[in-house]
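Asks: Quick one, fold the following:
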Amino acid sequence: MRELVFILWLIAVVVVSLRQPFFGALVILAHFVLRDVLIVETYGYFIRNSNFELIYVATIVGVLLTRGGRIGEFMPRSQVDWGMVGFLLAMICSALVNGVRVLDHKYIDLFFKATVLYFLLSRLADTPRRVTIVALTLVLATGYLAYLAWRKYRAGELHIARPYWFSSFHEFGLQVIITLPLAGAMVMGRFRLWVRLLLFASIPLFVLVALRSYSRSSYLGAGLGCVMLLWYYRRRWYVAFAAVPFIVYAILHQPPRVQQRLESIWTHKTPWGTQDTSIAMRIEQMHVAMRIISQRPLLGIGPRQFLLQYGEYAASEELYQETQWRYTMHSVPLLILCEEGLIGFGVFYGLIVFGALRGARSAAIRSRGSPELETVGVVAAGAFMGYLAWCAYSLTTAAMWTINIHGTVALVEAARRVVVAHFRQAAEEPATVPAPAPGWAPSRPSTQVIFP
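Replies: Residues are numbered from 1 along each chain as shown. Prediction:
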């Protein structure tokens, strides 16, 4: 029965996407965020039958049908646009140079889908309302995952906060900490009171489940997210004053294992009393990364090759000799330097990250004082703060493929484009000079004399 319902839903999505491609892009984003929910609720049917690809195709066809005359707006123009395309090309070039298969490569495929979704969202979310809808979709979808994790953890079904037993606690923590600053910033958007209250209530919930995910990288990202929100509300101190007690309660209302998980950084003991080798493992990975970077500085050794070739570069490491385990680099900057080299690193951080910073700053500053754009500026600032939270998270965990990351960048770019389009349209409208108001004028002189 569930499969039948989902097939009907999929048909409806495809039909609507052909006429309204923005709806298709929004569904792709929501389905990526709720991927684990779809696996459970459709018994894996959605993933097995390549339904993501079907919605992608329907959305792209919808773009061609409805925006055929404006297809040029999808060409790369901004710094972030070129960064997404450039990093994809860097991955492909690195794979070709190092003899890695391109067509069926998992991570090249994932980043290609992320790039396509980025261009779809950043172009189709072309009004303030659509930008707001994308932001609310991210918050609501992630909020549902957080609610599932909190409910199951509290009921004792799971000893780690995550939506399902098979969900990655690192990936779930990443989704939460990216959405935390976005939800916090949107509290001051132009919404109804009950929407703002729900956004406000989601902040301590996100903090609570992020800590109970036992992902130390999530601790780092959540901490930075809360600090950025306090800075963001520095002029509206009353909002921060109201939120701080709830956040403090969420931090303190944690089981002892959260503190033990944090202390394991220097005690090297897990909350269950076993030896924690994660810190030694990361130090070993850094040694391996230095060898790879020194030998292959420009284009690296190819996508995913850090994991597959780990033994070749770590043969002299003590931990590797004891375990013979292969690791991937638990740091995104070092992972990019190893697999895509200095070229990929420069493109990713020089164009995408720095370009998103410029775009968010421009949208936030230019939207001030404009009632139509106020929420757009708030979304741009919140989305970029979430992206910065991921940047902090990524220093200690390899996570580049979760769709929230690239959906957040697309949201920043969409907000910037909407603000630019608004002011361009205002500049192109001809200024109307008001006509002078009719008033009394003296009559013309006359020589006619009228006698009684």
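
Asks: okay, and for the protein, where does confidence drop off?
Replies: Applying pLDDT under 70 to the chain flags the ranges 69, 271-273, 430-452.

Asks: So what's the gap between whichever strand or helix holds residue 37 and the chain middle?
Replies: Taking DSSP states H and E as the criterion, the element that holds residue 37 is helix 35-41. Centre-to-centre, helix 35-41 and its host chain are 20 Å apart (CA atoms, centre = their mean, to the nearest Å).

Asks: Same question for stretch 154-171.
Replies: So, by CA atoms, centre = their mean, the centroid of stretch 154-171 is 22 Å from its chain's centroid.

Asks: ok, residues contacting that stretch?
Replies: For stretch 154-171, contacts defined as CB atoms under 8 Å, 6 or more residues apart in numbering pick out 36-37, 39-40, 145, 148-150, 152-153, 172, 208-209, 212-215, 217-218, 397, 399, 402. Heads up, the C-betas are built off the backbone N, CA and C, glycines and all.

Asks: circling back to that earlier point, tell me which residues of the helix holding residue 37 come out buried.
Replies: Buried positions in helix 35-41, judged by neighbour count with 16 or more other CB atoms under 10 Å: 35, 36, 37, 38, 39.

Asks: cool, and stretch 358-369?
Replies: Within stretch 358-369, the residues that qualify as buried are 359, 360, 362, 363, 364, 366, 367, counting by 16+ other CB under 10 Å.

Asks: Quick check: next helix or strand after whatever helix or strand the first one lives in?
Replies: Put plainly, it is residue 359. Applying DSSP H and E as the criterion places residue 359 in helix 354-366. Next along the chain after helix 354-366, taking DSSP H and E as the criterion, comes helix 374-393.

Asks: Can you name every helix or strand that that next one contacts?
Replies: Packing partners of helix 374-393 (3 or more CB pairs under 8 Å, 6 or more residues apart in numbering; DSSP states H and E): helix 128-154, helix 169-185, helix 216-232, helix 354-366, helix 403-428.

Asks: ranking those helices by burial, who's on top?
Replies: Mean neighbour count (mean count of other CB atoms under 10 Å) peaks for helix 169-185 among the helices and strands packed on helix 374-393, with a mean of 27.

Asks: Only alpha carbons, please: show it as CSV.
Replies: Provided in CSV are the C-alpha atoms of helix 169-185 (Å, rounded to 0.1, in the frame of the first residue of the first chain):
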residue,chain,number,x,y,z
PHE,A,169,25.0,10.2,13.7
HIS,A,170,27.7,12.3,12.1
GLU,A,171,25.5,13.1,9.1
PHE,A,172,22.5,13.8,11.3
GLY,A,173,24.5,16.1,13.6
LEU,A,174,25.7,17.9,10.4
GLN,A,175,22.1,18.5,9.2
VAL,A,176,21.2,19.9,12.6
ILE,A,177,24.1,22.3,13.1
ILE,A,178,23.7,23.7,9.6
THR,A,179,20.0,24.4,10.1
LEU,A,180,20.4,25.8,13.7
PRO,A,181,21.7,29.3,12.7
LEU,A,182,19.2,29.5,9.8
ALA,A,183,16.3,28.8,12.1
GLY,A,184,17.7,31.2,14.7
ALA,A,185,18.1,34.1,12.2
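
Asks: Compute the inter-axis angle for it and helix 354-366.
Replies: Counting by axes from the mean of the first three to the mean of the last three CA atoms, to 10 degrees, helix 169-185 lies at 20 degrees to helix 354-366.

Asks: Counting by contacts, list what the helix holding residue 359 packs against.
Replies: The helices and strands touching helix 354-366, judged by 3+ CB pairs under 8 Å, 6+ apart, are helix 79-97, helix 374-393, helix 403-428.

Asks: list the contacts for residue 47?
Replies: When contacts are counted by CB under 8 Å, 6+ apart, residue 47 is found next to 35, 38, 39.

Asks: Quick check: chain neighbours aside, which residue is closest to the first one?
Replies: Right, the one you point to is residue 35. Closest residue to residue 35 apart from its sequence neighbours, by CB to CB, 6 or more residues apart in numbering: residue 47 at 7.7 Å.

Asks: Just the element for that neighbour, please.
Replies: Under the criterion of DSSP H and E, residue 47 resides in helix 45-48.

Asks: just residue 120 next, same as before
Replies: With DSSP H and E as the criterion, residue 120 is inside helix 106-124.
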